[in-house]
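Asker: Build me a model from this:
(chains A and B, ligands or ions: 3)
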Amino acid sequence: MANIELEKASHLIPEFRYREDGMNVTRGSVWSGPGCHEGCGVLIYTDDDGKLIKVEGDPENPFNKGRLCSRCLALHEVVNSPERLRHPMKRAREDRGKDKWERITWDEAFDIIYERFSDIKERYGAEAIACCFGTGRDIVPWIYRLAYTIGTPNTIFTMSGMSCYLTRVLGCIASTGCFWVGDYSQQFLRRYEDPRWKRPDTIVVWGNNPLVANADGMYGHWAVDCMKLGSKIIAVDPRVTWLAAKAEVHLAIRPGTDGALAIAMLNYIISNDLYDHDFVDKWCYGFNELAEHVKDFTLEKAEEITYIPKEKIAKAALMIAESEGSILQWGVAFDMTKEALPASQAAFAIFVITGQIDRPGGMVMPTEILRFVGGWGYEELILGKHQDMIDKRIGMHEYGLLNAGIMACSTDRWIEQMETGEPYKMAGIWIQTTNFLACTSPDPKRTLAACNKMEFIAAVDMFMTPTIMALADVVLPVSAFTEKVGLRVGDGFQRCETINRASDPGDTRSDVEINMTLGKRFDPEAWPWERTEDVFSAVIKDCGGIDMTYEDFQELAPGYQPFEYYRYESGKLRADGLPGFNTRTGRIELWSTYYSSVGLEPLPYFEEPIPGPVSTPELLEEYPLILTTGARSWFFFHSEHRMIDSLRSRHPWPRIQMNPKTAEINGVSDGDWVWVENHRGRCKRKVEITPIIDPRIVMADHGWWLPEEPGDFDEGLFGLWDMDINNLLKWQAGRAGVGSNYKTMLCKIYKAEPGDEHNTWTREEAYSYVPREDD
Amino acid sequence: MTKGLLIDYTWCTGCHACETACKRELGLPREQFGIKLAEYIWPMDEGKDFAHTDNWQYTYFPMPLDACDLCEERTAKGKLPSCVHHCQANCLFYGEIEDLMERFLEHPRQSLFHL
Ligand code: SF4
Ligand code: SF4
Ligand code: SF4
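Answerer: Ligands and ions are numbered 1, 2, ... in the order given. Got it, this is the predicted structure:
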């Protein structure tokens, strides 16, 4: 085992547990639920009965330096909420959608789940069971291992086209050998003071609002820290966000046209000879083909497509090219368009040909302990014990890209497979850390009906959700992060951060503990550990190559792994030790041999979003507005937190932002309830009038349901059908099997008048729903 | 010795963390705040709208309100006020007015508050 030396933060109080003012303080990190997947450093305050009093930011943790967003500041309300699930419950299959839950013991719950899944395995094979997770929180490695223990290769990220993060990860791995993130000095203990680091000249905020989103291991306000040090912002956003308003140049883009913008920038940079010749000559493959391929994509053409004046595109491209260190701070707007892969390929290529790779203040490759997108335990359990499953992963034959380095299935094919039973029958679902009906799933009616065909569904969550109410037969209550031990091995750089138990979990259990207990029933050899701490020790040693135990990590945290720039020069990116990148050609592939080998276009292209003003002009008369969804909230994490008063009271209702002109034309006023409707469905939103958005575009938030409303299906399923923006969306992945259209639609808006205030949909109708012709 | 808050609102991103931190610190009910954001967001070129200007007044300003006691309890124990501690943009500062005055004069567009 390589013994990696870690650099350790020093603390005024060396112990991670101490007393202060009659309270117990436990230092540690955050890995949800609840909240996001950033891993901020926190100080958890509890009383002597183990009740959570509050959480404060840990000023000594280099990641967030004491700062916290509203969600962790209100954590005590979430953890102590009377609404939380506190005990396992069961319900008869025929009572799905009815509030007929019956409390059971953990033993009984595990007995039922084990028996039902074993029965499905026996009758249809283990592959008939799918294990579903949501965003990259403290579940991904453990749910893979549970699935592989049961013997199924089917782990599902419950979004059409896996269109959050994984799309960009996959594209980068396939064409560069690894994933790259912006260098905000997060890899260094001394952060901005580390002499190896240099502040980025430019930060290109493209397709996300990082200050609110805090996504992909990037603490959003690092961008502000860098601005104070002199970094300039280039913002690509349909709205004038705070960052866009302070930007050197703001490219107000038409949603879904990022690929066109990127290709035009490539052409501008190449044809004006602004690229980094040295880097391109030495380290890139396929540059001439790329140059030839993009040469007709002029700024004029891009202006017409994207709505962005060509002078601004040129200015932004020049700024990136001239930067000594430029960060592509990209986000889900890339993933959430159908042809996400070529769009992100084009955007990343800008940073490649301008030489921003693996340099200070540019794009760097995160150090990791466990590459969780690769699925923990695959070699040992699927290759080792269930070889008959190697070929069964849903979508792997159809979509060659899915074999490039992630182990999740094609979610879109899974939905179809539940409906048709082809190529094999699906019969069970394990749902953990995802409320997909209210959050990630397009067309929730179709999803619900497809899932309802399953013979047995078990779910794990902190709260009752519409997904569980509609579908689950057994539900298990999970611990919050202050109630568990854990190891943050999430997205972005993985530091040595532990999640330390501080408050009393009561009758709840942690995700890992649940998976280990259930996993042991199926195959004790696959979980040869007694305590969850031992699971983490194994991860640290076997995956991280660090000769330490979990307990060592607790003492040390936060610890930093060694980091070097320019590893492609020293041969440290490749297993064979040769200089270059970890691709077939050893270079960054602008012309992707991987894409080509799996039948995809090797060079980036742009395709108009469908529907849209260009692709479906016939829809414009009835649906004249461009709708984009997924606007993040300061107070919620996706579909979470709606039952937390101090947060909900700050963002009480779902909203649709529009320009004053748009409101005037449509005869609506600020605060009006309106229906947002397209040819597929509608949902309700409250109007928020703001000058920051183009009059042609409206922007809706996502993840809405109303926990205060009745959960019973026939009484509205917590208001889901009225509030779910995904009623307007369709299951539909891009050509590569990744990417889907969440952010570009056409719609109309009209007032929700008395007598037309609800989308009624009965249980009967729902469970017998047949997909539409065009699905 | 007068203590105060210095607010460098140029960097305030409108994240509301100070509000949430303060409400918790003071144990305030839903409707009440010890610090509250004011905001003014508008395109500044006469007659020009979204598509035709880059000239925005885009300002958030965290206003300390009457309930603010400069975190008496916390600061007595040597801690920073909760809003200052948690401010995501690091644009709130606490200290002796004289010390804050120095920073106040170094950067334009700030505001100084004391009780
Ligand atoms: S970004 Fe916010 S929700 Fe996420 S860990 Fe940090 S404080 Fe918590
Ligand atoms: S100093 Fe304390 S009391 Fe005053 S606004 Fe800040 S958090 Fe509230
Ligand atoms: S916490 Fe700081 S950045 Fe956020 S709103 Fe308050 S003052 Fe502004």
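
Asker: Torsion angles phi and psi at the closest residue to residue A:478 other than its chain neighbours?
Answerer: Leaving aside its chain neighbours, residue A:478 sits nearest to residue A:460 (5.1 Å; criterion: CB to CB, 6 or more residues apart in numbering or on different chains). Every residue, glycine included, has its C-beta placed from N, CA and C. Phi and psi for residue A:460, reported as degrees, to the nearest 10, are phi -130, psi 130.

Asker: count of residues packed around residue A:460?
Answerer: 27 (other CB atoms under 10 Å in any protein chain shown).

Asker: how close does it get to residue A:139?
Answerer: Residue A:460 is 8 Å from residue A:139, where distance means CB to CB, to the nearest Å.

Asker: Report the set of residues contacting both of those two.
Answerer: Counting by CB atoms under 8 Å, 6 or more residues apart in numbering or on different chains, the shared contacts of residue A:460 and residue A:139 are A:432-433, A:511.

Asker: Which members of those are positioned in helices?
Answerer: residue A:511 (DSSP state H).

Asker: For the stretch 51-200 of chain A, which residues are neighbours of chain B?
Answerer: A:54, A:56-57, A:59, A:65-70, A:73-74, A:76 (CB under 8 Å from any CB of the partner chain).

Asker: Counting neighbours, which of the shared contacts of residue A:460 and residue A:139 comes out on top?
Answerer: Going by other CB under 10 Å, residue A:511 tops the shared contacts of residue A:460 and residue A:139 with 27 neighbours.

Asker: Skipping its backbone neighbours, what lies nearest that one in space?
Answerer: Excluding the flanking residues, the one nearest residue A:511 by CB to CB, 6+ apart is residue A:139, at 5.0 Å.

Asker: Kindly report the same for residue A:306.
Answerer: Closest residue to residue A:306 apart from its sequence neighbours, by CB to CB, 6+ apart: residue A:257 at 4.5 Å.

Asker: Run a quick neighbour tally on the one you found.
Answerer: 24.

Asker: Check residue B:39 too.
Answerer: 10.

Asker: Name the residues that touch the helix or strand containing it?
Answerer: Element membership for residue B:39 (DSSP states H and E) is strand B:35-43. With contacts defined as CB under 8 Å, 6+ apart, strand B:35-43 is touched by A:240, A:245, A:690-692, B:12, B:14, B:16, B:18-19, B:22, B:49-50, B:53, B:55-65, B:68, B:83.

Asker: Mind checking which of those land in strands?
Answerer: B:56-64 (DSSP state E).

Asker: so can I have TSV of these showing distance to residue A:493, pLDDT and neighbour count?
Answerer: Putting these into TSV (distance: CB to CB, whole Å; pLDDT from 0 to 100; neighbours: other CB atoms under 10 Å in any protein chain shown) gives the following:
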residue	distance to residue A:493	pLDDT	neighbour count
B:56	34	94	21
B:57	37	94	10
B:58	31	96	20
B:59	33	97	17
B:60	30	98	19
B:61	34	98	15
B:62	31	98	27
B:63	37	98	15
B:64	36	98	24
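
Asker: Would you mind giving both backbone torsions of residue A:291?
Answerer: According to degrees, to the nearest 10, residue A:291 has phi -60, psi -40.

Asker: Which residues are in contact with it?
Answerer: A:270-271.

Asker: cutoff 7 Å now
Answerer: residue A:270 (CB atoms under 7 Å, 6 or more residues apart in numbering or on different chains).

Asker: quick one: residue A:412 and residue A:733 touch, right?
Answerer: Yes. Counting by CB atoms under 7 Å, residue A:412 touches residue A:733, with 4.5 Å between them.

Asker: Which neighbours do the two have in common?
Answerer: A:160-161.

Asker: that older thread, now pLDDT and distance to ligand 2 too, for the shared contacts of residue A:460 and residue A:139, in a markdown table please.
Answerer: Shown next, in a markdown table, are these (pLDDT from 0 to 100; distance: CB to the nearest ligand atom, whole Å):
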| residue | pLDDT | distance to ligand 2 |
| --- | --- | --- |
| A:432 | 97 | 37 |
| A:433 | 93 | 33 |
| A:511 | 97 | 34 |
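
Asker: With respect to residue A:47, which of the shared contacts of residue A:460 and residue A:139 is nearest?
Answerer: Of all these, residue A:511 has the smallest distance to residue A:47: 25.5 Å, by CB to CB.

Asker: For the stretch 551-700 of chain A, what lies in contact range of chain B?
Answerer: A:634, A:645-646, A:649-650, A:659, A:691-695 (CB under 7 Å from any CB of the partner chain).

Asker: Out of the residues you listed, which is nearest to residue A:608?
Answerer: Distances from residue A:608 to these, taken by CB to CB, are shortest for residue A:694, at 17.7 Å.
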